[in-house]
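Engineer: sequence and computational prediction follow.
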Amino acid sequence: MNETNKKLLQFSILFLVSAVVLFIIMQAEKPSDFIHPSPAGDRTKLSLSEEISHLQDSLEQDSSNLEIIIRIGNNYFDLDRFEIAIEHYEKALKIQPDMPLVLTDCAVMYHRLGKADKALEYLNKAISLQSDLAQAYFNKGMVLMTAKNNPEAALVVWKEYIEIAPETDYAKMIRQRIEAIESAGE
């Protein structure tokens, strides 16, 4: 076997191993892997819907109440109603554009709609506003990995996440993903 064929074989094997590792990682990715600091917790869809109804009644009295708008957005987030959550987050951001947590949640919703570039735009803005916002780094890594298929960029961002939040459960998961990606690239 000549040198060119050996290099081609090595490249093919490395590519195949990387593809398999990425496939395994991508299969493990679920929308629930994203961090969302919603106060909704594990409430039922019915209770979330009831709360939304009450909040919308309150919003009729004060249409610019940021807390209510964001809570409605969070409830729709928890109900996987992406477009409606975005609508409320965007409304809140028009009133006060410098809210990193709202930007992060809105970014996750955009990602779930397949709008990765918009998600990254919002995550970058959230990070620029609050450089230690761990969930923005985590979610940015998820978007880079899953939507942009850019494990190298995801690694950089996830390493920043680990520096910010080294003792979280998510940090343990990220360390495992980093190790898998790095070992696939060897």
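Structural biologist: In hand now; what should we look at? Numbers count the residues shown, from 1 in each chain.
Engineer: give the buried residues for the strand or helix carrying K172.
Structural biologist: Per DSSP states H and E: K172 is located in helix 169-185. Buried residues in helix 169-185, counted by 16 or more other CB atoms under 10 Å: 170-171, 174, 177-178, 180-181, 184. To be clear about C-beta, it is placed using only N, CA and C from the backbone, and glycine gets the same treatment.
Engineer: also stretch 96-105?
Structural biologist: In stretch 96-105, counting by 16+ other CB under 10 Å, buried: 99-105.
Engineer: equivalent analysis for stretch 142-155, please.
Structural biologist: 142-147, 151, 153-155.
Engineer: can you redo the residues you listed as JSON lines with pLDDT, secondary structure and distance to Q135?
Structural biologist: Shown next, in JSON lines, are the buried residues of stretch 142-155 (pLDDT from 0 to 100; DSSP: H, G, I helix; E, B strand; the rest coil; distance: CB to CB, whole Å):
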{"residue": "M142", "pLDDT": "96", "secondary structure": "helix", "distance to Q135": "10"}
{"residue": "V143", "pLDDT": "97", "secondary structure": "helix", "distance to Q135": "12"}
{"residue": "L144", "pLDDT": "97", "secondary structure": "helix", "distance to Q135": "15"}
{"residue": "M145", "pLDDT": "94", "secondary structure": "helix", "distance to Q135": "15"}
{"residue": "T146", "pLDDT": "94", "secondary structure": "helix", "distance to Q135": "16"}
{"residue": "A147", "pLDDT": "96", "secondary structure": "coil", "distance to Q135": "17"}
{"residue": "P151", "pLDDT": "93", "secondary structure": "helix", "distance to Q135": "20"}
{"residue": "A153", "pLDDT": "96", "secondary structure": "helix", "distance to Q135": "18"}
{"residue": "A154", "pLDDT": "95", "secondary structure": "helix", "distance to Q135": "15"}
{"residue": "L155", "pLDDT": "95", "secondary structure": "helix", "distance to Q135": "18"}
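Engineer: which element is encountered next along the chain beyond the lowest-mean-pLDDT helix or strand in the chain?
Structural biologist: Scoring the helices and strands of the chain by mean pLDDT, DSSP states H and E places helix 3-28 at the bottom, with a mean of 49. Toward the C-terminal end, the helix or strand that comes next after helix 3-28 (DSSP H and E) is helix 45-61.
Engineer: no further questions, thank you.
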